[in-house]
Structure formats: C-alpha cells, structure tokens
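Participant: Below: sequence and its predicted model.
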Amino acid sequence: MNVDEQKIQELLVAFGQYLSRIHAEAIPPEIGREAYRLISEKTGILDPYAKIKKENTQQALSLYPQLKEQVASSEDRLSMAVRMAIAGNVIDFGANANFDLDKDLEVLLSQELAIDHYQAFCHALQKARKILYLADNAGETVFDRLLIEELGKPVVYAVREKPIINDAIRQDALDAGIDEVAEIVSSGTDAPGTILNLCSEHFLEIFRSADLIISKGQGNYEGLSDEIRPVFFLLKAKCAVIARDIGVKEGSLILMKAKNYDFPDGEDLNPI
C-alpha cells in the first residue's frame, strides 16, 4: 500500500485525536475498528489486505484435501476437526504477520489444548438445533469449513460487514466454499470482533436464538467473553493480555466454554 507522507501525517493526527477521547472501557476491537476506518478514509483504500486474504485462502485450500483425509482417518473425527479449526487461527496479520502455515500447522496439531472443554462441546452440539459460527480471519475460513462439515447440523456462519484487517467478509467465505456447508450472514459490523452494540438487529436475532455459538479468534473472545450465552471459544492466545485474561500461557490453544453460562447437566469432563 503506497501512501504519501502527508497522508500518513494526517492519519497519525486523526488517530491521536481519537485516542484522546476514547472511553476507558474500550476493548481492542473497538479501537482497531476506528484505526482502520481512518486508514480507509485517508488513503481511499477500502480493503488493503484483499490480495493477502486471497493468497491465504488459496494456500489453505491447497491443504484442504490432505486435512480432510486426516480428519476422515481419525478415531474421533469431530475432535480432529475442532483441533484443526483452532490451529487455523494462526492465520492472522493483525496479531502475527510472520506465520508459516505449513510449519505452524504441524506444530499446532500436535500441541495439547491448555483448556479443553471438548466433552461439554459434544454435549452442547448433541442438543443444539440452531448453531451460529462466528468467523475470524480469511484463510482460516477453510479450517472452519472442515469443522462445519463434521458438525452434522445446519449452521449459520457470520462474517464482518466490511473489510477490517484480514478478517473474513462474505467474499472470503465464498472463496473458501463456506456457502456449500453453511448459510453465510453478516454480523452488520466492521469491527475486528463481535461487539454486540455495533451489530445489526438481524444478526442479533440469530445470536439470541442460537443454542450453540462457536466463536473463533481473539477479537470475538474480547467482545463476547462476558456474555451469558452458550458460547464455545476456539482460539490461539496470541498475546500476553488475552493469555492472562484466560489464565494460560501465551501461544496456548483453547477450547473453552463461556464462563457465565450454565450449560445443561454440567457435563464437562475437563474443567479448567
């Protein structure tokens, strides 16, 4: 992205003015939303990560046949698909632009989950009729597809309304073939996370009626970690702040049920 010096200075001034009036409770996705809005406004570039997102998706799709085979040959197909979905969270130019997908996947798929609420997840899935899956990054969408294919139930897949960093929008989901396995909807927001007061009423209706919500990535965790809804968070803890909030080491892999929601029967064989 080629931007002249004057526009960079204007952007820095505008963002500095925004920071001076930001409220103390603002979470990173809210701040990121404003930062990227200013970038688009000052540069005229709506989606600076468009090319990278396409490349990430194509790279992930090239791995899809072998990953699909790995799922099919597993003793527990759903468990392997969950692990792959979590491992796919490594694709993130906002938190880590230096990832190596092939190398990182091999390491992550052999890494134990720091928090593993898989039994509770299976129990919730068994009873679920309305599943909402909250997308995170483009390219990661291919790994989401692997998991959706193993859920065995109808899924609504929510993406961002407009481009923000490398988060998935509708076209990114289509490129990954998500439309073949789920209904794609917009959350109605361009924040890099699910911040409910910024989402559309249509999305909120889906969110409120879902009896299982699968939330991918840190941005969605930051927006929803205190909500009293049947959410399972699937992510890699990519920064010290999130790791500390969850109570794990940085770099940990997480499958965690919402702390404030009372899941039926308390069937969690792997408590925190």
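Facilitator: That came through fine. Numbering: from 1, shown residues only.
Participant: Spatially nearest residue to the residue minimising distance to the centre of the chain (excluding sequence neighbours)?
Facilitator: In the chain, the centroid-proximal residue (Cα atoms, centre = their mean) is residue 136; its distance is 2.6 Å. Nearest residue to residue 136, sequence neighbours excluded (Cβ to Cβ, 6 or more residues apart in numbering): residue 217, at 3.1 Å. Yep, even glycine has a C-beta here, placed from its N, CA and C like the rest.
Participant: Spit out the contact partners of the residue nearest to the centre of the chain.
Facilitator: Applying Cβ atoms under 8 Å, 6 or more residues apart in numbering, we find residue 136 in contact with 89, 92, 167, 168, 216, 217, 219, 220, 235.
Participant: Out of those residues, which two are the most distant from each other?
Facilitator: Maximum pairwise distance among the contacts of residue 136 (Cβ to Cβ): 14.7 Å, between 168 and 235.
Participant: and the two? which has more neighbours close in?
Facilitator: Higher neighbour count among residue 168 and residue 235: residue 168, with 31 against 24, using other Cβ atoms under 10 Å.
Participant: so what's the more buried one up against?
Facilitator: 53, 135, 136, 137, 138, 140, 141, 159, 160, 176.
Participant: switch the cut-off to 10 Å
Facilitator: By Cβ atoms under 10 Å, 6 or more residues apart in numbering, the contact list for residue 168 reads 53, 56-57, 135-141, 144, 157-160, 174-176, 178, 184, 216-217.
Participant: And it, what's its pLDDT?
Facilitator: The pLDDT attached to residue 168 in the predicted structure is 96.
Participant: how much space between it and residue 247?
Facilitator: 28 Å (Cβ to Cβ, to the nearest Å).
Participant: Same question for residue 72.
Facilitator: In terms of Cβ to Cβ, residue 72 sits 34 Å off from residue 247.
Participant: gap between the two ends of stretch 210-221?
Facilitator: 17 Å (Cα to Cα, to the nearest Å).
Participant: Averaged pLDDT, it. What do you get?
Facilitator: 96.
Participant: Show me how far that stretch is from its chain's centre.
Facilitator: Stretch 210-221 sits 7 Å away from the centroid of its parent chain (Cα atoms, centre = their mean, to the nearest Å).
Participant: Please identify the buried residues of that stretch?
Facilitator: Neighbour-count burial for stretch 210-221 flags 210, 212, 213, 214, 215, 216, 217, 218, 219, 220, 221 (criterion: 16 or more other Cβ atoms under 10 Å).
Participant: can I get the CA coordinates of the longest helix along the chain in CSV?
Facilitator: The single longest helix within the chain, with elements called by DSSP state H, is helix 50-72. Output in CSV follows, covering the C-alpha atoms of helix 50-72 (Å, rounded to 0.1, in the frame of the first residue of the first chain):
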residue,chain,number,x,y,z
ALA,A,50,-7.5,-8.0,-0.2
LYS,A,51,-4.6,-9.6,-2.0
ILE,A,52,-3.2,-11.2,1.1
LYS,A,53,-6.6,-12.7,2.1
LYS,A,54,-6.9,-14.3,-1.4
GLU,A,55,-3.4,-15.8,-1.0
ASN,A,56,-4.1,-17.1,2.5
THR,A,57,-7.4,-18.7,1.3
GLN,A,58,-5.7,-20.3,-1.7
GLN,A,59,-2.9,-21.7,0.4
ALA,A,60,-5.4,-23.1,2.9
LEU,A,61,-7.5,-24.6,0.1
SER,A,62,-4.3,-26.3,-1.3
LEU,A,63,-4.1,-28.1,2.1
TYR,A,64,-7.8,-28.9,2.4
PRO,A,65,-7.7,-32.4,0.7
GLN,A,66,-4.9,-33.7,3.0
LEU,A,67,-6.5,-32.1,6.0
LYS,A,68,-9.9,-33.6,5.1
GLU,A,69,-8.2,-37.0,4.8
GLN,A,70,-6.6,-36.6,8.1
VAL,A,71,-10.0,-35.9,9.7
ALA,A,72,-11.5,-38.9,7.9
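Participant: The chain should start at 549 in everything you say after this.
Facilitator: Okay, using 549 as the starting number, the last item reads as helix 598-620.
Participant: What are the buried residues along that helix?
Facilitator: Buried residues in helix 598-620, defined by neighbour count with 16+ other Cβ under 10 Å: 598, 600, 601, 604, 605, 608, 609, 611, 615, 618, 619.
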